[in-house]
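K.L.:
need a 3D model of the following:
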Amino acid sequence: MEKKFRNKTTFIISVLLIIALFSGALFSCTLKAEQKSLTSHFEMVDILIADNQFSDAVKELKKIEKQVYDSWSYIGVYKRYARIGEEAKAEKIIKKALKKNSHNPELLAVYSTYLLRHDKLDEAKKLSEELRGTKYGSVYSEAVIKTARRDAEKAGNGNQEFFKDSKYYSIYLDAYRGSLNPIWIRNCAVFNLKEGLFENAASLLPSSFADADDAYFWAMVLYDARKYYEAIQALEVSRAFFADYPDMASRRTNRVTEVKQIALESDAYMAVSEMEQSEAKRQELICRLDTMEKLSPQDELLLSSIVVNSAIYARNQYEDDSCADLLFYAVNRWPDNVSALILYSDFAYESNQERQESVEIKNLRQNGISSLSMEKYDNRRKIPLSDALYRLDDALARTKDPYLSIARLDLKYKMDSSFSVKDKTADLWLEMENNYSEEEKYQTLLVEYVLSFLLRTNQKDDAWTLFQKYVSTALKFDEKQDFWIQVERNLSVMDVRMAEFAAWFATDLKKYDEALRLYEYSVYESGGVLFQGIVSPAVSTVSCMNLADIYFSTGRKDNALDLYGKAAGRESRNYIRSEVFYRIAEVYAAEGDKKNALRSAEYAILLYPDNVRASLLKEKLSTQSQQ
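P.N.:
Coordinates of the predicted model:
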């Protein structure tokens, strides 16, 4: 009996399952038939619209309204009403659809767009808020931006600074996702850059660039994020866009110029210590300087930096003729350029100095014999000191630039050999008094120059007195409080050179904790970029070396080697790079790593053969290796 019951139950379930499957299949067939019917009706309406039979099209659409069953069908009817100008009927059908499904994103997006096109901004903003963060978020973004612009215009806020508010970040991001217009994602990057979030800005990098301007913008973002090689790649893309433009008129549609591209690319190569590649980029412009005319003021400024940097590179490579040509060009084209004038006056002084010659060379001269190196030295380019002095005075009369004042003072001392150290010291104190003012007390640059002179001439006590007095007065220190605590408290408002002097004096006075803090601020924090391990572009290489010395003396060998490496990479003067590698060799030698010590010493000598300490260390290490 029980077995029969189970069989009957199984039979009933099977029959019900068959019925359900049949019903499902029947519903599916019905749905497909309805879709096919709607598609046919829509095709008919499209034909009528194409033939301008709008009245018949409206009749057909009214029939279709009775058959629509999903959001896309409603949208199909809406679009066709809108196409033939039946705005009221279009709005009515989309509102009807929203009553049935008020949270459908497609319907919300379509009706919000309708409201925007009809200037119903507040309704559009309220309705589309639900789309925020979705693939239709750009509709909400448009509503927010248009509403804000309208309100700003009503309030008389013509400059519309409110768009710089960080609350618009997500609005711009949604706008980009919906439109792929690069301006929106760039706005997001700018928000991050303003907050110093360079990595976050770089993370927004798009997969492709819209044009030369877009690629250049992202190259700058990547440069600020210390992604130098990626910045170089973006710049190459930016320049490739230029290659596709048939003429200069086409290029003018872009804001970026070739000068800007090459200036940034050469800087990026310098940042990764590829000095030769950096110079190669600069040479792309320098080889055709005569054609670089009618530039914008910004491009003129960048071009002057490019020429000056190439002059510095030539000087460091002992290519005096090239250096002289570039400096002469620079001071003629940009007669008030401070960097060019200072380098020009330095070159003028050095080119007029006579070297001390060995007995062998003197004997050769007495016998009327000259080697190739002697001839090269004798025929070296010279710039008259009188010309350098004239140019400094001429520029000073126009600009009153304090840097030129210091350069003029320095050249005066160099030219007049009758000035003793005592005379120069007295003259500098008089210069300080003449430049005293209530606002700045002493001109910072002049104080820094005097401090350098006093330390260079072993007048440490006077230098310390001047430094302490200047800092205490300029920063309004409290005499009752500790001097060094107040220095550390005021680092953010202190000139980086003064911070470096503070670190040096702290070291000299054996205040090692204070010295470490001051050097770390100068090296890593003074540039405003607080990424760990990133050296400030404003700090001197000597301060980097001094901090590395402190690291090594306190047992932080890895930190010392890392900073020495960064110091060598950022420096273009070979004699200083040679000193850095000598110190690296000393570290390895102290650790018993003779192989790396010898390699570093040899490289130091290769960079600057006159590095006596490196030569002595190499000889010592070589002797030890043979034992």
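K.L.:
and the strands in the stretch 251-400 of the chain?
P.N.:
Remark: no strands are assigned in the stretch 251-400 of the chain by DSSP state E, counting those that start in this stretch.
K.L.:
so where's it uncertain?
P.N.:
251-254, 355, 357, 377-378 (pLDDT under 70).
K.L.:
what segments of it are helices?
P.N.:
With DSSP state H, counting those that start in this stretch as the criterion, the stretch 251-400 of the chain has helices at 258-271, 275-286, 297-316, 320-333, 338-351, 359-366, 372-378, 385-399.
K.L.:
cool, the stretch 451-600 of the chain as well?
P.N.:
For the stretch 451-600 of the chain, the helices defined by DSSP H, counting those that start in this stretch cover 460-474, 483-489, 496-508, 512-520, 541-553, 557-570, 574-590, 594-607.
K.L.:
nearest to H118 among those helices would be which one?
P.N.:
Smallest distance to H118 across those (C-beta to C-beta): 57.9 Å, for helix 496-508. In this view, the C-beta of every residue, glycine as well, is placed from N, C-alpha and C.
K.L.:
relative to helix 460-474, how tilted is that closest one?
P.N.:
Helix 496-508 and helix 460-474 are oriented at 130 degrees to each other (axes from the mean of the first three to the mean of the last three C-alpha atoms, to 10 degrees).
K.L.:
put the alpha carbons of helix 496-508 into PDB.
P.N.:
Extracted in PDB, the C-alpha atoms of helix 496-508 (Å, rounded to 0.1, in the frame of the first residue of the first chain):
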ATOM      1  CA  VAL A 496      67.100  76.400   3.100                       C
ATOM      2  CA  ARG A 497      70.600  77.800   2.900                       C
ATOM      3  CA  MET A 498      70.200  79.100   6.500                       C
ATOM      4  CA  ALA A 499      69.000  75.700   7.600                       C
ATOM      5  CA  GLU A 500      72.100  74.200   6.100                       C
ATOM      6  CA  PHE A 501      74.300  76.700   7.900                       C
ATOM      7  CA  ALA A 502      72.400  75.900  11.100                       C
ATOM      8  CA  ALA A 503      73.200  72.200  10.600                       C
ATOM      9  CA  TRP A 504      76.900  73.000  10.000                       C
ATOM     10  CA  PHE A 505      77.200  75.100  13.100                       C
ATOM     11  CA  ALA A 506      75.400  72.500  15.200                       C
ATOM     12  CA  THR A 507      77.900  69.900  14.000                       C
ATOM     13  CA  ASP A 508      80.800  72.200  14.700                       C
END
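K.L.:
could you pull out the buried residues of that helix?
P.N.:
Of the residues in helix 496-508, 496-507 count as buried by neighbour count, 16 or more other C-beta atoms under 10 Å.
K.L.:
stretch 257-273 too?
P.N.:
Neighbour count says stretch 257-273 has 257-271, 273 buried, by 16+ other C-beta under 10 Å.
K.L.:
coming back round to it: need the helices of the stretch 251-400 of the chain in CSV with distance to I485, can you?
P.N.:
Output for those, formatted as CSV (distance: least, C-beta to C-beta, whole Å):
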stretch, distance to I485
helix 258-271, 35
helix 275-286, 41
helix 297-316, 39
helix 320-333, 45
helix 338-351, 36
helix 359-366, 57
helix 372-378, 54
helix 385-399, 39
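K.L.:
ok, now which ones touch W429?
P.N.:
V450 (C-beta atoms under 8 Å, 6 or more residues apart in numbering).
K.L.:
roughly how far does the residue nearest to the spatial centre of the chain sit from A231?
P.N.:
Taking C-alpha atoms, centre = their mean, the centroid of the chain lies closest to D224, which sits 2.7 Å from it. The gap separating D224 from A231 is 9 Å, by C-beta to C-beta, to the nearest Å.
K.L.:
go on, L108?
P.N.:
In terms of C-beta to C-beta, L108 sits 41 Å off from A231.
K.L.:
kindly indicate which of the buried residues of helix 496-508 lies nearest K424.
P.N.:
After measuring these against K424 - C-beta to C-beta - the closest member comes out as F501, at 19.3 Å.
K.L.:
would you agree that closest one is in contact with Q468?
P.N.:
No - with contact defined as C-beta atoms under 8 Å, F501 does not count as touching Q468 (10.5 Å).
K.L.:
hang on, the earlier thing: for the residue nearest to the centre of the chain, grab phi and psi.
P.N.:
Torsion angles at D224 (phi, psi; degrees, to the nearest 10) stand at phi -60, psi -30.
K.L.:
give me the pLDDT for the residue lying closest to it once chain neighbours are set aside.
P.N.:
Spatial nearest neighbour of D224, chain neighbours left out: F198 (4.8 Å); criterion: C-beta to C-beta, 6 or more residues apart in numbering. For F198, the model assigns a pLDDT of 87.
K.L.:
how many other residues sit next to F198?
P.N.:
F198 is flanked by 21 other residues according to other C-beta atoms under 10 Å.
K.L.:
for the one 4 residues further on, same thing?
P.N.:
Here the number of neighbours of A202 (other C-beta under 10 Å) works out to 21.
K.L.:
how about the contacts made by Y329?
P.N.:
Residues in contact with Y329, defined by C-beta under 8 Å, 6+ apart, are 289, 307.
K.L.:
before we move on, back to that, nearest to N574 among the buried residues of helix 496-508?
P.N.:
E500 (22.4 Å).
K.L.:
that closest one and S536 touch, don't they?
P.N.:
No - applying C-beta under 8 Å, one finds E500 not in contact with S536, separated by 10.7 Å.
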